[in-house]
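[1] 3D, please:
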Amino acid sequence: MSRFSATTTGPEVVNAFREQVNGKTFAITGPSAKSLGAETAIALAAANPKQIILLGRSESKIKPVMEQINGINPTVDVRFYQLDLADLDSVRSAAEKINAGIDKIDVLINYAGIMAVKDFETSKEGIEIHLAANHIGHFLLTNLLMPKLEAASPGARIINVSSIGYMLSEFRFDDWNFQDGKSYIPWLGYAQSKTANIHFTVGLAARLKKKGIYSFSLHPGLIYGTNLGVHLDEESLKVLTEIALERGFPTLEDQRPKSSSEGCATALVAALDDSLEGKSGAYLSDCVIDNPREYARDSDNAEKLWLLSEELIGQKFSY
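    Predicted structure coming up:
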């Protein structure tokens, strides 16, 4: 039986794996104040990492997190890099600066995300905004940072934060852009991007096995009070319940909310737990390995998404 559960907190996980944190470099997307990315970075600081790399759109929203980390452990080298995941030029610029500025990345945690954006939007490249920000940006960033992950191998890890919301929709390979908005449903846009996070993890695990780089995806839990819920309103939640019941997906009433400290614990288990070695590609929930629905873990779907992602960014990656 796992020593961790739904009520485990981030600091408890870090305390259990202090040796896995000591002297390591962690890169985290989406670490603005009051986010799970921030909670994760703050928890890690107590175990003496070498570097914590924070990537986000606004330095002003991340500066309080950097200050808190410095207050916990002033020896940690904390760095901010500006990154807009819905802008591929921004992703390339951030990756170039990171590759030039650091030696290695032991763990990359792709946290940043948006949810249930009410009106149809696209990135400047014309990609539906959930898919652009939650998957495509991370796909490009992760692959561009691969040399730094390879420098930390064997044992480097890539963590893609998905959601139980993936159950609301398969990846829409025949209409990933919702007929350019004509058939757009916010929750399906979000759900497809969360399914993409799992597909991406499966694809990475297959490609990187020989390099000794592991990849995991996860559901952090139902957490209120983070920036992820900024677009939610009564009508949006009503639609969510309708789709959830139709898909056999747990409604909000069926889930126990977690604190932010509990919410970051599963990502930290994925990043640090040495018992996960040899289980690359796994999906975790409540700090243990879980089985996502078959379509999400399907290797053919993972390959199709990899090829589509390369097409959308106009760049191929071979390993």
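[2] Could you look up the SS state of residue 40?
    helix (DSSP: H, G, I helix; E, B strand; the rest coil).
[3] That one touches residue 109, doesn't it?
    Yes. Using C-beta atoms under 8 Å, residue 40 is in contact with residue 109, at 6.4 Å. Where you see a C-beta, it was placed from the backbone N, CA and C, and this is true even at glycine.
[4] Pull up the overlap in contacts between these two.
    28, 267 (C-beta atoms under 8 Å, 6 or more residues apart in numbering).
[5] neighbour count winner among those two?
    Neighbours per residue (other C-beta atoms under 10 Å) separate residue 40 from residue 109, with residue 40 holding more: 32 against 29.
[6] which ones are touching that one?
    10, 28, 31, 109, 111, 264, 267, 268.
[7] Mind giving me the packing neighbours of the host helix or strand of the last one?
    Assigned by DSSP states H and E, residue 268 belongs to helix 265-272. Packing partners of helix 265-272 (3 or more C-beta pairs under 8 Å, 6 or more residues apart in numbering; DSSP states H and E): helix 10-16, helix 36-45, strand 107-110, strand 157-161, strand 214-219, strand 283-285.
[8] Let me see the confidence value for residue 227.
    Residue 227 is assigned 68 on the pLDDT scale.
[9] This structure: helices as residue ranges?
    10-16, 18-21, 36-45, 59-72, 88-101, 129-131, 137-144, 146-151, 186-208, 234-247, 260-263, 265-272, 294-297, 299-313 (DSSP state H).
[10] got the angle between the fourth one and helix 36-45?
    Right, helix 59-72. Between helix 59-72 and helix 36-45, the angle comes out at 20 degrees (axes from the mean of the first three to the mean of the last three C-alpha atoms, to 10 degrees).
[11] Verify the stated contact: residue 184 with residue 176.
    No. Counting by C-beta under 8 Å, residue 184 does not reach residue 176; the two are 11.5 Å apart.
[12] Quick check: neighbours shared by these two?
    residue 128.
[13] In terms of secondary structure, what does the lowest-mean-pLDDT helix or strand in the chain contact?
    Within the chain, confidence by mean pLDDT, DSSP states H and E is lowest for helix 234-247 among all helices and strands, at a mean of 87. If you count contacts as 3+ C-beta pairs under 8 Å, 6+ apart, helix 234-247 packs onto helix 186-208.
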